[in-house]
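> Sequence below, structure please.
(4 chains)
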2 protein chains.
Amino acid sequence: MKLKEFAKYLDLSPTTVSRALSGYPEVRESTRKRVADAAIRLGYRPNINAVRLVTGRVGAIGILMERGREVNFAEFLSGMGERLGGEDIDILVSPIAEHDAKEEMQLFSRLVESRRVDAFIVNAPRPNDERIALLHKLGMPFLVHGRSEIDVPYAWLDIDNEGAIKRATAYLLDLGHTRIAMINGRPGVTFSMHRDKGYHDALVERGLQFDPSLVAHGSFTDEVGFRFARSFLEQSPRPTALVAGSMMTALGVYRAARSLGLIVGKDISVIAHDDVFPYLNADNMAPSLSTTRSSMRAAGKRSAELVLQLLSGRSPTEIQELWPVELILRESTGPAGTRA
Amino acid sequence: MKLKEFAKYLDLSPTTVSRALSGYPEVRESTRKRVADAAIRLGYRPNINAVRLVTGRVGAIGILMERGREVNFAEFLSGMGERLGGEDIDILVSPIAEHDAKEEMQLFSRLVESRRVDAFIVNAPRPNDERIALLHKLGMPFLVHGRSEIDVPYAWLDIDNEGAIKRATAYLLDLGHTRIAMINGRPGVTFSMHRDKGYHDALVERGLQFDPSLVAHGSFTDEVGFRFARSFLEQSPRPTALVAGSMMTALGVYRAARSLGLIVGKDISVIAHDDVFPYLNADNMAPSLSTTRSSMRAAGKRSAELVLQLLSGRSPTEIQELWPVELILRESTGPAGTRA
DNA sequence: ACACTTTTTGAAAACGATTTAATTTAATCT
DNA sequence: AGATTAAATTAAATCGTTTTCAAAAAGTGT
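Below you'll find the predicted structure:
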């Protein structure tokens, strides 16, 4: 049913009906009630495309899903959903392959320029991220989940990766560990670099030498965790502690330790970063896994909120949130030298 | 820039320009070229909302993301993206909480009735799924990923859960196992029921008694896997084999076995269903895990294709694909009685 | 050069809402 | 009651395309 017919049925003008439904103040309460009731009864709903054309708003937030990052992404998305539930705003997901940086950027441009969304969320930014430059240039509102080093103002929400890893590393140092390895995330993205820095600084501040051969980079998979952990643990002298980039990585690390007959928490201490997945719990691992913890879901929820604020006019430069990260100690960390 | 201005610049009518860009045959090749070049040069793009209003198409496929199923979902989504890459069609994700079935259904109605999408994909259907009934009633094209038992015609793509689990169970029986436990998915969804049936039939066809106390249901998490595996493995007589619903479940199962000093592949044989995640590989587990395997990503890709066909007029009743499931034998399965 | 097709192009009418500016109705004040 | 102000309603313009139907231009065959 169209507005026109619906209005005629109510013996009102389309104008009044439209206003009544959108909650404008200048329509009499009794009229509004009458309209609202009839709308439900007759099942009238404004044609969304017409609304969008005339208001210029699309009613959607865009977000890219990069191949290989689906796990974290899903949690983030779920968090967004929590906030966006009541709002009349959809989430538009564009899965991309990330094979080719140029191709990726082209897809991105098309997506942004065709204005299918009111705002964007940029994930896993790089230090000099073209996407951010483009969004800024085009005047499309956007929030960066993470940080970049690019020279344009932008709104962001990030967790304190540097501080978290620094603290984790320092804690391992406190336990007496001196050879500490790290399996970080993919190279080139800002958050990996922040973690590198946290690790590096913790060592240097204690007067220890930074040894680049103890740091590896790779995606957050069981496989990467296993491979690098094996190669670290086969070195001699063997590292006595290991910082892992994710829960998946940690699974691989545990497996590698086990395969070498090493006991996690004794022969090798492990701390991993935990994005808090409902299906994989650090407490439940054996031994339970010490983690730096920050909920991806919570970040998604808050990001949605911030984008909403952005859309209602808040200045991007005011939106800069750096979340602290918890350090949760469990059984996978212990004093150095107990058995090694 | 608007079509009108753009057309004026080219000294053509909006009509011709529109046609040239949409590839209609009745525009001269030289004209089309001129228009296309200018469009790129000046960066003209049709306003998407105007296009949608006039064509009546939204250019989006809707899909629900249920809380707790994010892992699988992300893979599926990623697969959809592979197919939808070139098309001008977005994926609209609505995360839902699944707390309350009534609430869920309301959200769903709102989503469907407001026609923000051209088609829907329904995931994890139940035997009598109201969502399917609603979509059918409203005439919204949709594809079910999985199957229902509802009495309306619908397009579906499913994997042969029943056959897969039947084969897995039969294989374990062939190895001499007689007490085989199963940790299945959530109760109430069709695919869990199909798996139950496969398990049940395999036993019964060999003349074995079906023992309901050996079957558990729960979500696909490490935690659920652990808890149920523990309780199964503490029974006496202890089951000598276990069928697990997912890779996450299997992680919990492995942990439970380890915690009881049991060796997977010797004391307890394990087969799990593997949706093929890039971050968790059955080959890499220790011992490597025998699986029934079917790629969730491939299903997503194919689903997108089928929805596209649906949108271009193919009849829903013609679309019914049942995919076979591979059984991959690795080290986690072995003959019964070796050590027990 | 003429009549007749076939190609190309264009004018104007949708598509279905929101919103501005104008008008009517009701309320308030002397 | 009449003038003034405030509240409620509406007519008409607008958003930016696509598409129908008609007209102009270009070919074709005699």
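> hey, let's count contacts and neighbours off CA atoms from now on
Noted.
> ok, A:His200 - contacts?
A:166, A:210 (Cα atoms under 8 Å, 6 or more residues apart in numbering or on different chains).
> Kindly report the same for the one 3 residues further on.
When contacts are counted by Cα under 8 Å, 6+ apart, A:Leu203 touches A:169-170, A:173, A:209-210.
> hmm, which of these are the buried ones?
Burial by neighbour count, 16 or more other Cα atoms under 10 Å in any protein chain shown: within the contacts of A:Leu203 this picks out A:169-170, A:173, A:210.
> tell me which of these is nearest to A:Asn128?
Nearest to A:Asn128 among the buried ones among the contacts of A:Leu203: A:Phe210, at 25.6 Å, using Cα to Cα.
> Closest to chain B out of the contacts of A:Leu203?
Using Cα to the nearest Cα, A:Thr169 is the member of those that sits closest to chain B, with 25.2 Å.
> Quick check, that closest one in contact with A:Val243.
Yes - taking contacts as Cα atoms under 8 Å, A:Thr169 lies within contact range of A:Val243: 7.5 Å.
> Pull up the gap between the nearest residue to A:Ile180 once chain neighbours are set aside and chain B, please.
Nearest non-adjacent residue to A:Ile180, counting by Cα to Cα, 6 or more residues apart in numbering or on different chains: A:Ala241, 4.7 Å away. Distance of A:Ala241 to chain B, computed by Cα to the nearest Cα, to the nearest Å: 22 Å.
> count of residues packed around A:Ala241?
31 (other Cα atoms under 10 Å in any protein chain shown).
> same deal with the one 3 residues further on?
Other residues within reach of A:Ala244 by the criterion other Cα under 10 Å amount to 29.
> Surely it and A:Ile271 touch.
Yes - the pair A:Ala244 and A:Ile271 passes the contact test of Cα under 8 Å, sitting 6.1 Å apart.
> can you tell me which of the contacts of A:Leu203 lies nearest to DNA strand D?
Using Cα to the nearest atom of the strand, A:Thr169 is the member of the contacts of A:Leu203 that lies nearest DNA strand D, at 54.6 Å.
> Now the closest one: which helix or strand?
Assigned by DSSP states H and E, A:Thr169 belongs to helix A:161-174.
> in that helix, what's buried?
Quick answer for helix A:161-174 (16+ other Cα under 10 Å): A:161-173.
> And these, which is closest to A:Ala74?
Ranked by distance to A:Ala74 (Cα to Cα), the buried residues of helix A:161-174 are led by A:Asn161 at 20.1 Å.
> quick one: A:Val27 is in a strand?
No - counting by DSSP: H, G, I helix; E, B strand; the rest coil, A:Val27 is not part of a strand but coil.
> The stretch 151-300 of chain A: helices as residue ranges?
Taking DSSP state H, counting those that start in this stretch, the helices of the stretch 151-300 of chain A run over residues A:161-174, A:190-205, A:222-233, A:247-259, A:296-311.
> ah, wrong one, I meant the stretch 1-150 of chain A
Here the stretch 1-150 of chain A has its helices, by DSSP H, counting those that start in this stretch, at A:3-10, A:14-22, A:29-42, A:48-55, A:70-84, A:101-113, A:130-138.
> What distance do you get for the residue lying closest to A:Arg83 once chain neighbours are set aside to B:Ser94?
With sequence-adjacent residues excluded and distances taken as Cα to Cα, 6+ apart, A:Arg83 is closest to A:Lys301, at 5.4 Å. When distance is defined by Cα to Cα, to the nearest Å, A:Lys301 is 14 Å away from B:Ser94.
> where do the contact lists of those two overlap?
Taking Cα under 8 Å, 6+ apart as the contact criterion, the residues that touch both A:Lys301 and B:Ser94 are A:Gly81.
> Tell me which of these two has more neighbours.
The residue with more neighbours, out of A:Lys301 and B:Ser94 and counting by other Cα under 10 Å, is B:Ser94; that gives 25 against 21.
> What's opposite the more buried one in the beta bridge?
Judged by DSSP bridges, the bridge partners of B:Ser94 are B:Leu64.
> Go ahead and name everything in contact with stretch A:124-140.
A:105, A:108-109, A:112-113, A:118-120, A:122, A:141-142, A:144-150, A:152, A:154, A:188-191.
> Closest one to B:Val35 out of the buried residues of helix A:161-174, please.
Nearest to B:Val35 out of the buried residues of helix A:161-174 is A:Asn161 (Cα to Cα; 49.6 Å).
> in terms of contact, does the closest one touch A:Thr190 like I think?
No - taking contacts as Cα under 8 Å, A:Asn161 lies outside contact range of A:Thr190: 9.7 Å.
> low-scoring stretches of chain A, by residue?
Within chain A, the stretches with pLDDT under 70 are A:99, A:338-340.
> The stretch 201-340 of chain A against chain B: which residues are in contact?
Within the stretch 201-340 of chain A, the positions lying close to chain B (Cα under 8 Å from any Cα of the partner chain) are A:220-223, A:248, A:255, A:259, A:278-281, A:284-286.
> Please disregard the earlier target; I meant the stretch 1-150 of chain A.
Checking the stretch 1-150 of chain A against chain B by Cα under 8 Å from any Cα, the hits are A:45-50, A:52-53, A:56, A:58, A:65, A:67-68, A:70-71, A:73-75, A:77-78, A:80-82, A:85, A:90-97, A:113-116.
> And for A:Leu262, the neighbour number?
Each residue near A:Leu262 was counted by other Cα under 10 Å, and the total is 17.
> what sits opposite the closest residue to it other than its chain neighbours in the beta ladder?
Sequence neighbours aside, A:Ile268 is the residue nearest to A:Leu262 in space, at 7.0 Å (criterion: Cα to Cα, 6+ apart). With DSSP bridges applied, A:Ile268 shows beta-bridge pairing to A:Val264.
> Thanks a lot, catch you later.
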